[in-house]
Each structure stands twice: as C-alpha cells, then as structure tokens.
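> Next come a sequence and a model predicted from it.
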Amino acid sequence: MKGMRELGYIESRNLVVESRFADGKLERLSGLAAELAQLKVDVIVAPGSPAISAAQKATSTIPIVMASTGDPLGSGFVKSLARPGGNITGLSVMGGDTGAKQLELLRSVVPKLSRVAVLASSATNSPTTRSVQVAAQKAGVETLAAQASTPQEIESAFSMLAREKADAVIVSSPSTYAQQHRQIAELALKYRMPSMFQDRVNADAGGLMSYGPKFTENWLRAATYVDKILKGARPGDLPVEQSVSFELVVNLKTAKALGVTIPQSVLARADEVIQ
C-alpha cells in the first residue's frame, strides 16, 4: 500500500482494497481469484506465478498486475515483454542470471561443493533452476532436483537430499514458500546444508544467504502499473519491467552454527550481514 499512497491513493477515500490470502495453501488460489473476479474489481495484483496463473484462469478481462514472476513468457502470461497483449502485465524477476550467481556464492562458502540440491515447488523448470543447472554443469557440480509444496513434502524432500548427500541447497519458488521460511531454514540447518535463497526474508529467518531481486521494490513499482491502468491504460500495451536491483544478505549466525566460514570477499559484496 505504500506505493499507492505515494501516488495519492488513500484507502477508504479514493481506493478500496479487497485482500485475499492463501496462507501458503496453493489449492486455495483458484477460489480466491474467482471471488475477486466475481466482485468485478478494477485491477488484480498477484504476487508470484501460482497466484498469477490462478488470476489468469479466473478472468480474461480484468487487468492483472504481476508483482513478481520468474518467466512470464514461458509461463504463458504475456505474448512478449515489450507488448504483453491480453490483460496481464507487471514485473518480472528474470533479469540477471541469479541462479549462476547463487551457485558462485555457494562455491565460495563451500569450496569442495560437488553436489548441490535445487528445491522448487514443482517440476517446472524456472529460469533460476535452469541457470543453476547450466552453471553447475560448467563447474563440474552435480545437481539434485527436489519438488515440494506442503510442509510434509518439504520435510520429506530434505530427508531425501540428506540421504543423497547434497552438500548445499538452493531454494527456488520464493512466493510459493512464503509461509515456510523458518521451516526450510531450520531443516537446512538440521541436515547441515548451507542454504541459498532468492528472497532476503529467508536469510532473516535463518537461511545462510540470499541473493536476488529486491522484492519490496517490485511491490512499489507494481503500484505504478495499477495507477496507469486505473487512469485508462490497457495492460496489454504496458511493457513488462525486469528487475534491475539485486541484493546479497548473509547470516553469520547461521554460518557459525553450520561451522562454515564466509570469505571476506563475500562479506564485502553483501548488502547486509546478519550477526
């Protein structure tokens, strides 16, 4: 709401907000999106691919603003980044080869990294997952793929990765795991796996490191799309923006618990170091 306030919108004065939360239960998204469509809201703002997909299925006429998504083209949300067409536009976090940089940072912390796990919410090949796999192959590092959405599946996935002797884990699908930040961080620590995430909230929750777009900035920028649409712009004519601002957060408390040393070169690059 900060972005909307900065643009002159005040809730209950010239703005009505209908909020719906799935609380991490993806199966609820389609019903929540259908509720908003039935209310005939002027704009739907959806964070992350699962919510965007649910909104897309619920309506082809109400404008949908993507607060963040990995691959809007591959997911079928837009026809092109320059001219999305249809009723969807917004922000993409596919700018920058984050997966390769995440692997590079992990290798700095785990010099003998030979097997890295990639945990995602589904078998869908996200840009981050693909870039990790390509970078790992070039570096001679084996990748282990694991899919999990529910807390029980996440627990089982980590147990499996531990049996397969994964040296570290990179967690994709930040929006899907919005309610499992602490669980994933605790499991990575339990199984002695240095962990890398896209969203800084995971490092705040106890993950070892995060490197990715500044998602808070995406929410602020999403407000500008809502403003333009409310003033008459068609979503299909508004180009999709890609993230240009990235941040590295390192949790030294977790590093100490894992018994790993964060090189000074990594600490010097960090936007924030959690003591």
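Yes, it's here.
> mind checking the end-to-end distance for stretch 108-128?
19 Å (C-alpha to C-alpha, to the nearest Å).
> Buried residues of that stretch, list them for me.
109, 110, 113, 116, 117, 118, 119, 120, 121, 126, 127, 128 (16 or more other C-beta atoms under 10 Å). Where you see a C-beta, it was placed from the backbone N, CA and C, and this is true even at glycine.
> And stretch 242-261, by the same measure?
Here stretch 242-261 shows 243, 246, 247, 248, 249, 250, 251, 254, 255, 258 as buried, counting by 16+ other C-beta under 10 Å.
> Also stretch 15-25?
Buried residues in stretch 15-25 (16+ other C-beta under 10 Å): 15, 22.
> Also stretch 213-233?
213-215, 217-230.
> Find the nearest non-adjacent residue to residue 222, please.
Of all residues not flanking residue 222 in the chain, residue 67 sits nearest, at 4.6 Å (C-beta to C-beta, 6 or more residues apart in numbering).
> Show me where this protein has its helices.
2-6, 29-38, 49-58, 98-109, 127-139, 151-163, 181-190, 200-204, 215-230, 252-258, 264-269 (DSSP state H).
> Now do the worst-scoring helix or strand of the chain on mean pLDDT against helix 98-109, angle only.
Across the helices and strands of the chain, mean pLDDT, DSSP states H and E gives its lowest value to helix 127-139, namely a mean of 84. Interaxial angle, helix 127-139 versus helix 98-109 (axes from the mean of the first three to the mean of the last three C-alpha atoms, to 10 degrees): 50 degrees.
> Next, report how far helix 127-139 is displaced from the centre of its chain.
Distance of helix 127-139 from the chain centroid (C-alpha atoms, centre = their mean, to the nearest Å) equals 17 Å.
> Please report phi then psi for residue 261.
Here is the backbone geometry of residue 261 (degrees, to the nearest 10): phi -100, psi 130.
> What's the separation between it and residue 250?
Residue 261 is 12 Å from residue 250, where distance means C-beta to C-beta, to the nearest Å.
> among the helices of the chain, which gets the worst mean confidence?
Mean pLDDT is lowest for helix 127-139 among the helices of the chain, at a mean of 84.
> what helices or strands is that helix leaning on?
Under the contact definition 3 or more C-beta pairs under 8 Å, 6 or more residues apart in numbering; DSSP states H and E, helix 127-139 sits against helix 98-109, strand 115-120, strand 142-147.
> Nearest to residue 184 among those would be which one?
Proximity to residue 184, assessed across the helices and strands packed on helix 127-139 by C-beta to C-beta, is greatest for strand 115-120 (7.6 Å).
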